[in-house]
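Peer 1: Using only what follows, build the 3D model:
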Amino acid sequence: MKIPSIVQAVASTLIRQHPPRIEPMPTADPFPAILKKVLVHEGGFIDHPKDPGGATMKGVTQATYNGWRARQGKEPRSVRFISDAELTAIYRRDFWDRVRGDDLPPGINYAVFDFAVNSGVSRAARYLQKVVGVAQDGQIGPNTLSATRSKDPAVVIDQLCDDRLAFMRSLRIWPTFGKGWRRRVDDVRRVAKTMIA
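Peer 2: Okay, the predicted model is just below:
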């Protein structure tokens, strides 16, 4: 009997005339998982006399926390009492969004974000721009994103981490914090490379 071949022909014609609409899979927000990776390297409350950042809780300095609370219309208070919600909001707004973490390739977004948290957004952006060969203005925009996407992510991560360590070694506080910084950058390099899509 020829019915199956007729059914196949009709189905084939219908599919050609009305192809199924395939919706792209929603991509998960990488920020929460990457923030967890950054927080592995950020301790609890620290106020080391040689740290120019001063009092810090989970990587957020007192000055950053004061600024965030002022923008929320709240009174300043010790960074020691920062809530998880405040911590997450500060990291997203003041670091992740400013380095365009959602727009950077996987792995590179973690390496740049961690660098920004540890050494400042502008510095992290300038060092990425140097690695990918664009003007070093400290602002990650379309040119930086395009150049970054055109490079081998493993090479970008390696060069960024090498340059980051070279910068850290140049600081007079390297003898105090260098061992921990080296361990952190080595871990960031290793983990960032596992994230490459």
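Peer 1: For the protein, which segments count as helices?
Peer 2: Remark: helices assigned in the chain by DSSP state H are 3-17, 31-39, 62-71, 84-90, 108-119, 121-132, 142-149, 153-169, 174-194.
Peer 1: right, so these: which one is the most enclosed?
Peer 2: helix 108-119 (a mean of 25; mean count of other C-beta atoms under 10 Å). C-betas here are computed from N, CA, C, even on glycine.
Peer 1: which residues touch that helix?
Peer 2: 30, 34, 37-38, 41-42, 59, 91, 95-96, 98-99, 101-102, 104, 123-125, 127-128, 140, 148, 153, 156-157, 160-161, 164, 167-168, 181, 184, 188-189, 191-192, 195 (C-beta atoms under 8 Å, 6 or more residues apart in numbering).
Peer 1: quick revisit: go through the helices of the chain and name the closest to residue 55.
Peer 2: helix 62-71 (4.3 Å; C-beta to C-beta).
Peer 1: helices and strands around the closest one, which ones?
Peer 2: helix 84-90 (3 or more C-beta pairs under 8 Å, 6 or more residues apart in numbering; DSSP states H and E).
Peer 1: and the helix it packs on, what does it pack onto?
Peer 2: Packed against helix 84-90 by the contact rule (3+ C-beta pairs under 8 Å, 6+ apart) you find helix 62-71.
Peer 1: Looking at the helix it packs on now, give me its mean pLDDT.
Peer 2: Helix 62-71 carries an average pLDDT of 95.
Peer 1: before we move on, what about stretch 187-197?
Peer 2: 95.
Peer 1: Domain boundaries for the chain, per the record?
Peer 2: Domains of the chain are assigned by automatic domain parsing as 46-96, 104-197.
Peer 1: from the chain's centre, how far out does the shortest one sit?
Peer 2: Which is domain 46-96. 18 Å (C-alpha atoms, centre = their mean, to the nearest Å).
Peer 1: end-to-end on it?
Peer 2: For domain 46-96, the first-to-last residue distance is 22 Å (C-alpha to C-alpha, to the nearest Å).
Peer 1: what does stretch 47-65 give?
Peer 2: Terminal-residue distance, stretch 47-65 (C-alpha to C-alpha): 14 Å.
Peer 1: Buried residues in that stretch, which are they?
Peer 2: 55, 56, 57, 58, 59, 60, 61, 62, 64, 65 (16 or more other C-beta atoms under 10 Å).
Peer 1: Contact partners for the residue lying closest to the fourth one once chain neighbours are set aside?
Peer 2: Of all residues not flanking residue 58 in the chain, residue 42 sits nearest, at 4.8 Å (C-beta to C-beta, 6 or more residues apart in numbering). Contacts were defined as C-beta under 8 Å, 6+ apart; by that measure residue 42 touches 56, 58, 59, 117.
Peer 1: Contacts for stretch 140-153, please.
Peer 2: Contacts of stretch 140-153 (C-beta under 8 Å, 6+ apart): 98-100, 103-108, 112, 125, 128-129, 131-135, 156, 196.
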